[in-house]
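>>> coords please:
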Amino acid sequence: MLQRIIPSSGEALPVIGMGTWQTFDVNNTQHYPVLKDVLKEFHSAGGSLIDSSPMYGNAETVIGDLTSEMEVKDDFFYATKIWTTGLQEGIDQLNASFIKMKRTTMDLVQVHNLVDWKIHLPQLRRLKTEGKIRYTGITHYTDDSHDELEKIMIAQVPDFVQFNYSILNRHAEKRLLNIAADLGVATIINRPFGEGKLFAKVKEKPLPIWAAELGIDSWAAYFLKYIIANRFVNCVIPATGNPSHARDNLKADGGILPDAAMKKQMIDYLEKLQ
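From the prediction side, this is the model:
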């Protein structure tokens, strides 16, 4: 899989990751075999980053249960978040995440939606110094948050920033992606499918004939390839609990990446669909 460098370390990270919001929040182990197949597909294609949060219900526990049974468990890049107020509350929540995900170290811990970030980010830096976590980050999921994310990046320069970006929601192209690149902050992209709205728009609609030139044979690959064509994107995290959908997502890495002219053509075709 195509990999991009994490600026703060020089480590290479595969561009397609795995989100777990809703999809891994299951209450019954009868769902485990299918979700394990998703992780197997992900790993076999070269995927690495699995993103979760205490906000995502049982997702952290499910990830820990499934990956701990896999021989390749240490190949994954484990990312979770702090989503609470108060220093001790954040410490307690993160300790619980370590237990749920069955990790002794965490690759990335992010401040979820910037909740109490002034308290949590310094604590994450201390944990990084102690070797408990490898990278620090901040996240949000709305266009309205981009200005604040920019200000915090400039002031604090975390290792990662996570935010929303898709082919029909390109607000991040105005400044945020460029600012992150200038500061040496790695980017993780959430909501790449606009919470499913993109698939609703193209339901029963054909892919353009020229999509094949880019190695695109599904709408998922179409949407994701547009995102990873931006060289300032380090990783995009589509969420799925379906092995077939996981395969479609991972196909975005194949073929060639569109240039500026082709990206405009991709946008124009999509916007003209009724």
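
>>> give me the number of residues near residue 273?
10 (other Cβ atoms under 10 Å). C-beta: built from backbone N, CA, C; applies to glycine.

>>> Wait, it touches residue 200, no?
No: between residue 273 and residue 200 there is no contact under Cβ atoms under 8 Å: 10.9 Å.

>>> where's the residue nearest to residue 202 when sequence neighbours are not counted relative to residue 141, distance?
Spatial nearest neighbour of residue 202, chain neighbours left out: residue 219 (5.0 Å); criterion: Cβ to Cβ, 6 or more residues apart in numbering. Distance, residue 219 to residue 141, using Cβ to Cβ, to the nearest Å: 22 Å.

>>> Compare those two (neighbour count), which wins?
residue 219 (20 against 15).

>>> ends of stretch 232-239, how far apart?
This stretch, stretch 232-239, spans 21 Å end to end (Cα to Cα, to the nearest Å).

>>> what does stretch 214-222 give?
Note: stretch 214-222 ends 9 Å apart using Cα to Cα.

>>> try stretch 72-79
Stretch 72-79: ends 16 Å apart by Cα to Cα.

>>> How about stretch 21-28?
Note: stretch 21-28 ends 16 Å apart using Cα to Cα.

>>> In this structure, which residue is most central in space?
residue 237 (2.9 Å; Cα atoms, centre = their mean).

>>> Can you name the residues that contact that residue?
17-19, 49, 51, 162, 188-190, 192 (Cβ atoms under 8 Å, 6 or more residues apart in numbering).

>>> Check residue 40 too.
70, 243.

>>> Report the separation between it and residue 65.
15 Å.

>>> where are the low-confidence patches of the stretch 51-200 of the chain?
By pLDDT under 70, the stretch 51-200 of the chain has no low-scoring segment.

>>> any chance you could map the strands in it?
Ranges of strands within the stretch 51-200 of the chain are 77-82, 106-111, 133-139, 160-164, 186-190, based on DSSP state E, counting those that start in this stretch.

>>> Let me have those in CSV, extended by mean neighbour count and distance to residue 263.
Formatted as CSV, the strands of the stretch 51-200 of the chain follow (neighbours: other Cβ atoms under 10 Å; distance: least, Cβ to Cβ, whole Å):
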stretch, mean neighbour count, distance to residue 263
strand 77-82, 27, 27
strand 106-111, 25, 28
strand 133-139, 24, 25
strand 160-164, 25, 18
strand 186-190, 24, 15
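
>>> want to throw the ones you listed into a markdown table with distance to residue 127?
Putting the strands of the stretch 51-200 of the chain into a markdown table (distance: least, Cβ to Cβ, whole Å) gives the following:
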| stretch | distance to residue 127 |
| --- | --- |
| strand 77-82 | 10 |
| strand 106-111 | 7 |
| strand 133-139 | 5 |
| strand 160-164 | 15 |
| strand 186-190 | 18 |
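
>>> Out of those strands, the one nearest residue 71 is which?
strand 77-82 (16.1 Å; Cβ to Cβ).

>>> Having no further points to raise, I will conclude here.
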